[in-house]
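In: pasting the sequence and the predicted model now:
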Amino acid sequence: MPTAKPIKTDVNTQTSVQYKANLDANSNVDARLSWAFAPHAQDTPNMTVALAAGAILSGTTLTEVAAQSTTTITAPVTNPRIDRVVIDSVTGAVSVVEGDEAAEPEAPAIPAGKLPVARVLLATDTTAITNADLTDERVGGSGGVQIGSIADPSAEEAASTLDVATAIAAIPTADAFARDMALYEAFRNWRQDSKSSGPIPSGYLWTFQSDELATKTNATYDASGKQYTNQSIISVTSGASAVGTFGSSCTTVDKGITACPNGSTITVIGCYCASSASLAVKVLKFVSGSTWNVVHSESFSHPGGGYADKTLSTPYAVPNDGKTYRIGIYGPSSTTSYASGSADLYYGDATGNGVAFVLNDNRPFMSRYTYRSGAQSITLKPTAITVGAAPASALIDILHAPTDAVTLNTDLKARVSFDGGSTWSGYVTLEQVCEFSSGVYLLKGLVDTTGMTPGTSVLWEITTDNAKAQAARGVALVLS
């Protein structure tokens, strides 16, 4: 694989020739790591899975592994089944671990000495495996290396097959890019799969799929965002009763419930609907008279049968501008229920700025919403994990969702303990790795272990200060 100098692309300052050349160069830089053992369907899909070339570092031996394919996989007979594609941790040779058929199948365990590559979801009528049937399970390191967990070997059988020191050596500390990309993929895959916190190669990953932290002083667990926030979570509802059905498609602004407070963050919008309908939930800003600006809109498939909620894919931060913001609902005719009350109405789907509404139509959708407000100083700590050997160093990664402009290492701080919280490292110097998703960032910090008491009871602590609204959506520790 050819190498190249990585150059950040910038469509605003680079010529088209430079931009394309830099894209090609960056692709060459990424390829060895991101393509290693990449699972995919065959060009002409059949009942095998193809793997791209990769490399395995076992101790001090680097083995280059050519592209390969699994043996033929058979479809289940009665119920769906999940199989696992794995590679040998020393040779890189591919094999398949067959799962059990079940109405709700689970992936089989990863055998000792094997490393996960992909899950394969099989139906009884599967005749060819496509990319849609595959879930990437690679957890990579330098040159596609995959290593076992540092977790207590008695609790994680796969870790017992690799010496901890050898495993850590497989991804050198200096190879920061490889570590960052491995943790990015781990966060992405685990959150997509709603996977609970657990061990990862050389450490542990907390995903906050539930309210799991042992300490959350002044913090609120936000189940909709799977995160811990330093803001209060408040729900507002109209409390009205349904009295009729809309005769034509329209958007209504419910003035019967509290206006959205300036400085708050709207996370959920819901409404009452007697039958299923394709709706849109909106946030509107009052301009003057009967005029509103639609500042946020998302589609909502309401299941019917009463109240239901839409968790916004992008929470809306209400500006601190002294203006009035309210919730709006759009729906087609004859499908949604309304109540008597104060409302502004627009016939059709209101979009854009300067939309003229009819005043006091007395037919609002029965709506409700949830928002986060205020910002407190919080402290977050998990229950300590027990590792098999006392770590000499640690790297902490945080999925950070700031609402306000946050100064790292001032408004957000982190530190680590190896002895169950009796003594702590100094606060790490956090830096931003990349944008993980819209408004969410992957941060990292190397722990200075000078003066720390060694031990095998490991935990972290995160604190926020200075009334800056923010949330933590996950944490990882990589230990060596």
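Out: That came through, no problem.
In: leaving out the residues flanking it, which one is nearest to the residue positioned nearest the centre of the chain?
Out: For the chain, the residue sitting closest to the mean C-alpha position, by C-alpha atoms, centre = their mean, is Arg191 at 4.4 Å. Beyond its immediate neighbours in the sequence, the residue positioned closest to Arg191 (C-beta to C-beta, 6 or more residues apart in numbering) is Thr207, lying 6.0 Å away. For glycine as for every other residue, the C-beta is placed from the backbone atoms N, C-alpha and C.
In: confidence score at the one you found?
Out: pLDDT, Thr207: 95.
In: surely it and Lys226 touch.
Out: Yes: using C-beta atoms under 8 Å, Thr207 makes contact with Lys226 at a distance of 7.2 Å.
In: show me how this structure divides into domains.
Out: 35-138, 159-229+375-480, 232-373 (automatic domain parsing).
In: quick one: closest of those domains to Gln18.
Out: domain 159-229+375-480 (22.2 Å; C-beta to C-beta).
In: and the helices in the stretch 251-400 of the chain?
Out: Counting by DSSP state H, counting those that start in this stretch, one finds no helices in the stretch 251-400 of the chain.
In: returning to what we had before: got CSV for the domains of the chain, with distance to Asn22 too?
Out: Compiled in CSV, the domains of the chain are given as follows (distance: least, C-beta to C-beta, whole Å):
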stretch, distance to Asn22
domain 35-138, 19
domain 159-229+375-480, 17
domain 232-373, 29
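In: and Leu23, which of these is closest to it?
Out: Smallest distance to Leu23 across the domains of the chain (C-beta to C-beta): 15.8 Å, for domain 35-138.
In: show the end-to-end separation of the closest one, please.
Out: 10 Å (C-alpha to C-alpha, to the nearest Å).
In: ok, the residue nearest to Arg191 - contacts?
Out: Thr207 sits next to 187, 190-191, 195-197, 226, 474 when contact means C-beta atoms under 8 Å, 6 or more residues apart in numbering.
In: how does it look with 7 Å?
Out: 190-191, 195-197, 474 (C-beta atoms under 7 Å, 6 or more residues apart in numbering).
In: next one: Lys468
Out: By C-beta under 7 Å, 6+ apart, the residues touching Lys468 are 375, 404, 406, 411.
In: now, of these, which are buried?
Out: 375, 406, 411 (16 or more other C-beta atoms under 10 Å).
In: same list, those residues, but as TSV with pLDDT and distance to Thr335 please.
Out: Below are the buried ones among the contacts of Lys468 laid out as TSV (pLDDT from 0 to 100; distance: C-beta to C-beta, whole Å):
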residue	pLDDT	distance to Thr335
Ala375	85	40
Val406	94	43
Asp411	96	46
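In: now, those residues that are in strands?
Out: Residues of these located in strands (DSSP state E): none.
In: any chance of the residues you listed in JSON lines, with distance to Ala75 too?
Out: Output for those, formatted as JSON lines (distance: C-beta to C-beta, whole Å):
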{"residue": "Ala375", "distance to Ala75": "54"}
{"residue": "Val406", "distance to Ala75": "51"}
{"residue": "Asp411", "distance to Ala75": "54"}
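In: in the stretch 301-450 of the chain, what spans have low per-residue confidence?
Out: 336, 360-362 (pLDDT under 70).
In: nearest residue to Thr237 in space, please, no chain neighbours.
Out: Arg368 (3.7 Å).
In: gap between the two ends of stretch 363-377?
Out: With C-alpha to C-alpha as the measure, the first residue of stretch 363-377 is 42 Å from its last.
In: check which residues of it are buried.
Out: Buried, per 16+ other C-beta under 10 Å, within stretch 363-377: 363-373, 375-376.
In: and of those, the nearest to Leu279?
Out: Phe365 (8.6 Å).
In: how about Gly92, what does it touch?
Out: Contacts of Gly92 by C-beta under 7 Å, 6+ apart are 54, 56, 63, 65.
In: what about those, which are in strands?
Out: Among these, DSSP E puts 54, 56, 63, 65 in strands.
In: re earlier: would JSON lines of the contacts of Lys468 with distance to Gly306 be doable?
Out: Shown next, in JSON lines, are the contacts of Lys468 (distance: C-beta to C-beta, whole Å):
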{"residue": "Ala375", "distance to Gly306": "34"}
{"residue": "Asp404", "distance to Gly306": "36"}
{"residue": "Val406", "distance to Gly306": "39"}
{"residue": "Asp411", "distance to Gly306": "41"}
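In: Ser249: how many residues sit nearby?
Out: For Ser249, the count of nearby residues is 16 (other C-beta atoms under 10 Å).
In: isn't it up against Pro332?
Out: Yes: under the criterion of C-beta atoms under 7 Å, Ser249 makes contact with Pro332 at 4.5 Å.
In: can you show me the helices along the stretch 51-200 of the chain?
Out: According to DSSP H, counting those that start in this stretch, the stretch 51-200 of the chain carries its helices in the segments 164-169, 176-192.
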